[in-house]
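**Student:** Just the structure for this:
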Amino acid sequence: MSDNDIQNYTMDTEIYLSRQIWPRMIAGAAVVLILGTVVLGGVLGLQSRRQFVEIHSSWGTYSGAAERKGILIGSLRAHLGFGGIIHNFKNYVLRQDRVYLVEARAQIGQFYAVVEEFKQLEIDAEEKAALAVVLSTIRVYEARLDIATHAAGKGWSAAQIDTLVRVDDRAAIAALATLEANWEAIQLASRSRIEAAVLQGQQLIQIGFVSILALSLASVIIAGMIYFLVQNLHRAQSLLALELGERRRLQRSESQLTTAVEQSPATIVITDTDARIQYVNRKFETLSGWNRDEVLGETPGFLQSGRTSNGTYANLRQRLLAGDSWSGVFLNRKKNGLEYWIDTTILPLMAADGTIQSFIATGEDVTEQRHARDQVVRAQKLEAVGQLSGGIAHDFNNILTTIIGSAHLAGLDADEGSDLAGEIEQIDIAARRAQNLVRELLTFARREPGQLKAVDLSEIAREVTRLMRASMPPTIKLNCARSAPVVVLGDPTHLHQIVMNLCRNALEAIGADDGIITVSFSSVDTPTGLPQRDGGWVQLQVHDNGSGMSEETRSHLFEPFFTTKPLGKGSGLGLAVVYGLVQDMGGQISVDSQRGDGSCFSILLPGSSEQALSEAKARGDLPRGSETIMLVDDDIEISGTFRRVLLRLGYRVEAFSSPVVALERFKQKPDRFDIILSDLMMPELSGEALATSIRGIRPDIPILFCSSYKLDGISVPGGLPQVLDKPVDPAQLAHFLRQLLDDVNS
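**Tutor:** Now for the predicted structure:
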């Protein structure tokens, strides 16, 4: 082999070898590139996963226990802030209003519940110390709340109580600030971790992108795969950033919504489709008295007062299940048993597919509005009573005048102690009881002030007890203290109504049981709140040993139309009338009663003296006379009764049922008559017009009116005529006639 061949072979070998080495080198480089790509991808993947885990962990810390801790800290802040425990404590000390006392005690219990729940969370030593400071301060407030209540009961002033129970709560406020600072630090740390993880993730993506670009020069497939991976990472990162922002927005929105719902002036209740309560707001707790932990999972049936029909509830559920809303007013019952009116609207909450998920009920407390409406209704009832009483008074009092006058005449002819005399006395008692009822109705409806004068209260009490004994069961005894005259300054008719109503009330309180009613009176020192008087003050007491009254009943006792009797058994006017009459006479009324211990009504009346009595009660025979009386009344029965009574007293009487005929008769013989006795309200010519015409002829003739109506004023020439209210007692009529005739003759 020549040197040239050897040289050519060597060159060919080198070329061959070189051709074999480059593919291997390229293959090795490709393998290295692929392995590097895989390793780099694995490293980037692990790092990215690590960042996602970090984000997930940080977000769990941010929205998990720390969020619950923030809610509890907010609750603690609410209890220590405006409207909370400290605020209500100070309001109670300064205003001594029991509403603040009850609210403070309720909030203290809620506060302890929040503290216990807070302790269940993971808290460090600093938070435990701060929580202990807040708890100890609230316990000091709780202890001093009892001291303030005791001091208020002793009559201490607000300034004295405030000095006694003042609490230094600065340490508690500072401790609460420490809790909030720790919570905010945790939240800030969680957010920082999330943001750092997001930032590191972005940096990893950038590194991977640059590396993949470099590797993509060697392999389009690997570059494409890495590019696809990068795009996916970019999308995931963007979605994560968007989700984080959305969660922050939702968190703020949820916080605002929760605050609005909790602080809403309306009650809000959410139930599932089986009416099981899922949520109630703070207003519901305050209004109903039920804690949300007590009602969750329960149906609203515990609020029912029993005043709403089952049909209403059935209609309500039928409308809600049909997807319609329902509105109405419920009378609900609080936890303490008191009732309240609430205007309620209930709506079904729909899912996206149209199915009903739950129900939400909002309610407004309209108790005060209902009470105001009830007051208007009562006022309208009073107006109707006034109109009705004015319409029936004339006819009814005319009938009673005839009955009382006829009973008086029959009693004059009956033998004393005979059965006939007893029956006539019963007629007289029944008529006077009817007279008292009419006066009670008219007095309450018109509230006319009485004519105050010196009156013997003991005599009125004895008369009332005589009337009451005739209709009382033998199982009840009525005792009236016998004493010398007890003189008060009052209206006789109103005093009679007061004693009668109180005795009747005591009789009804005892019922069918054995019992004793005691009427007593005594002079007392000037009571607190009443002025000093020369005549002093007299206390009238009516005591019974009946069933007594509850505090709730006593608080409404003197309200118009309030009664504890069954429907149709009582009007609710008796004690309201008594209260108004006592006030009109310048006195006071109070009641002392406990369940099972009976009741004692005490009335303070202005006293007078025996010398101030306008005239002593007539005793013996009625005053008589022989003068001529013109009697005018359109009711023939009344004129006939008056005529018979006056004839028995010796007078000469000319009776007329027509005022026009009576005026013509007077014009013919004006000097024949010594006095005019006339009704006020008559057809054709009123008593006032008749008296005006007669006084135009004889200005000095005395005139006495008898009427069922009370006019605001009577305008008649000459001296003001006297007016007697029907039904007229014959003895009263005889005394008035005699007095007027004697005044003219003197």
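
**Student:** residues in contact with residue 588?
**Tutor:** 527, 529-530, 582, 603-604 (Cβ atoms under 8 Å, 6 or more residues apart in numbering). Just so you know, the C-beta spots here come from the backbone N, C-alpha and C atoms, and that holds for glycine as well.

**Student:** quick one, phi psi at it?
**Tutor:** Here is the backbone geometry of residue 588 (degrees, to the nearest 10): phi -140, psi 150.

**Student:** try the one 10 residues further on
**Tutor:** Residue 598 adopts backbone torsions of phi 80, psi -170, taken as degrees, to the nearest 10.

**Student:** So for it, what's the nearest residue that isn't a sequence neighbour?
**Tutor:** residue 545 (4.2 Å; Cβ to Cβ, 6 or more residues apart in numbering).

**Student:** Just give me the neighbour total for that neighbour.
**Tutor:** Residue 545 has 20 neighbours, counted by other Cβ atoms under 10 Å.

**Student:** Could you do the one 5 residues further on as well?
**Tutor:** Using other Cβ under 10 Å, residue 550 is surrounded by 11 other residues.

**Student:** and if you look at residue 553?
**Tutor:** For residue 553, using other Cβ under 10 Å, the count is 14.

**Student:** Return the distance of it relative to residue 461.
**Tutor:** 26 Å (Cβ to Cβ, to the nearest Å).

**Student:** show me the contacts for the residue nearest to residue 598.
**Tutor:** 510, 515-516, 598.

**Student:** Report pLDDT for it.
**Tutor:** At residue 545, the model reports a pLDDT of 87.

**Student:** in what helix or strand does residue 337 lie?
**Tutor:** Using DSSP states H and E, residue 337 falls within no helix or strand.

**Student:** cool, residue 689 as well?
**Tutor:** helix 687-697.

**Student:** ok, the very next helix or strand once past that helix: who's next to it in the sheet?
**Tutor:** Proceeding C-terminally, helix 687-697 gives way to strand 703-707 as the next helix or strand, assigned by DSSP H and E. Strand 703-707 has the following sheet partners, assigned by DSSP bridges: strand 675-679 (parallel), strand 722-725 (parallel).

**Student:** Can you flag the weakest of the ones you listed by average pLDDT?
**Tutor:** Minimum mean pLDDT among the strands paired with strand 703-707: strand 722-725, a mean of 82.

**Student:** quick one, helices of the stretch 151-300 of the chain?
**Tutor:** 158-165, 170-216, 220-262, 282-288, 292-295 (DSSP state H, counting those that start in this stretch).

**Student:** Looking at the contacts of residue 588, which are in strands?
**Tutor:** 603-604 (DSSP state E).

**Student:** Quick one, which of the contacts of residue 588 are buried?
**Tutor:** Buried by 16 or more other Cβ atoms under 10 Å: 582, 603-604, out of these.

**Student:** If we only consider these, which is nearest to residue 168?
**Tutor:** residue 604 (48.2 Å; Cβ to Cβ).

**Student:** what's the closest non-adjacent residue to the closest one?
**Tutor:** residue 588 (4.5 Å).

**Student:** Might you report the residue contacts of the closest residue to residue 290 other than its chain neighbours?
**Tutor:** Nearest non-adjacent residue to residue 290, counting by Cβ to Cβ, 6+ apart: residue 335, 5.2 Å away. Residues near residue 335 by Cβ under 8 Å, 6+ apart: 288-290.

**Student:** Export those residues to JSON lines and append columns for distance to residue 281, pLDDT and neighbour count.
**Tutor:** Formatted as JSON lines, the contacts of residue 335 follow (distance: Cβ to Cβ, whole Å; pLDDT from 0 to 100; neighbours: other Cβ atoms under 10 Å):
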{"residue": "288", "distance to residue 281": "11", "pLDDT": "87", "neighbour count": "24"}
{"residue": "289", "distance to residue 281": "14", "pLDDT": "89", "neighbour count": "17"}
{"residue": "290", "distance to residue 281": "12", "pLDDT": "90", "neighbour count": "18"}
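
**Student:** and the gap between residue 69 and residue 431?
**Tutor:** From residue 69 to residue 431 the distance is 82 Å (Cβ to Cβ).

**Student:** what does residue 496 give?
**Tutor:** From residue 496 to residue 431 the distance is 14 Å (Cβ to Cβ).

**Student:** do residue 181 as well
**Tutor:** For residue 181, the distance to residue 431 equals 87 Å [Cβ to Cβ].

**Student:** which of the two has more neighbours?
**Tutor:** More neighbours surround residue 431 than the other of residue 181 and residue 431, with 21 against 12 (other Cβ under 10 Å).

**Student:** Now that one. Nearest residue, chain neighbours left out?
**Tutor:** Nearest one to residue 431, counting by Cβ to Cβ, 6+ apart, is residue 403 at 4.5 Å.

**Student:** Backbone torsions only: list them for the one you found.
**Tutor:** According to degrees, to the nearest 10, residue 403 has phi -60, psi -50.

**Student:** and the gap between residue 535 and residue 459?
**Tutor:** Taking Cβ to Cβ as the measure, residue 535 falls 17 Å from residue 459.

**Student:** Would you mind pulling the contact partners of stretch 168-186?
**Tutor:** So stretch 168-186 is in contact with 61, 66, 69-70, 73, 76-77, 80, 86, 124, 126-127, 129-131, 133-134, 136-138, 141, going by Cβ under 8 Å, 6+ apart.

**Student:** Distance to residue 315 added to the helices of the stretch 151-300 of the chain, as JSON lines?
**Tutor:** Below are the helices of the stretch 151-300 of the chain laid out as JSON lines (distance: least, Cβ to Cβ, whole Å):
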{"stretch": "helix 158-165", "distance to residue 315": "52"}
{"stretch": "helix 170-216", "distance to residue 315": "49"}
{"stretch": "helix 220-262", "distance to residue 315": "28"}
{"stretch": "helix 282-288", "distance to residue 315": "23"}
{"stretch": "helix 292-295", "distance to residue 315": "24"}
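
**Student:** Out of those helices, which one sits most buried?
**Tutor:** Highest mean neighbour count among the helices of the stretch 151-300 of the chain (mean count of other Cβ atoms under 10 Å): helix 282-288, with a mean of 19.

**Student:** Pull the residues that contact it.
**Tutor:** Contacts with helix 282-288, where a contact means Cβ under 8 Å, 6+ apart, come from 103, 262-269, 290-292, 303, 332, 334-335, 340, 342, 363, 365.

**Student:** nearest to residue 257, of the contacts of residue 545?
**Tutor:** residue 598 (57.6 Å).

**Student:** Give me the neighbour count for the closest one.
**Tutor:** Look at residue 598: counted by other Cβ under 10 Å, it has 21 neighbours.

**Student:** and if you look at the one 3 residues further on?
**Tutor:** The number of residues packed near residue 601 is 23, by other Cβ under 10 Å.

**Student:** Tell me the backbone dihedrals of residue 308, please.
**Tutor:** According to degrees, to the nearest 10, residue 308 has phi -100, psi 130.

**Student:** Right, I'll leave it there.
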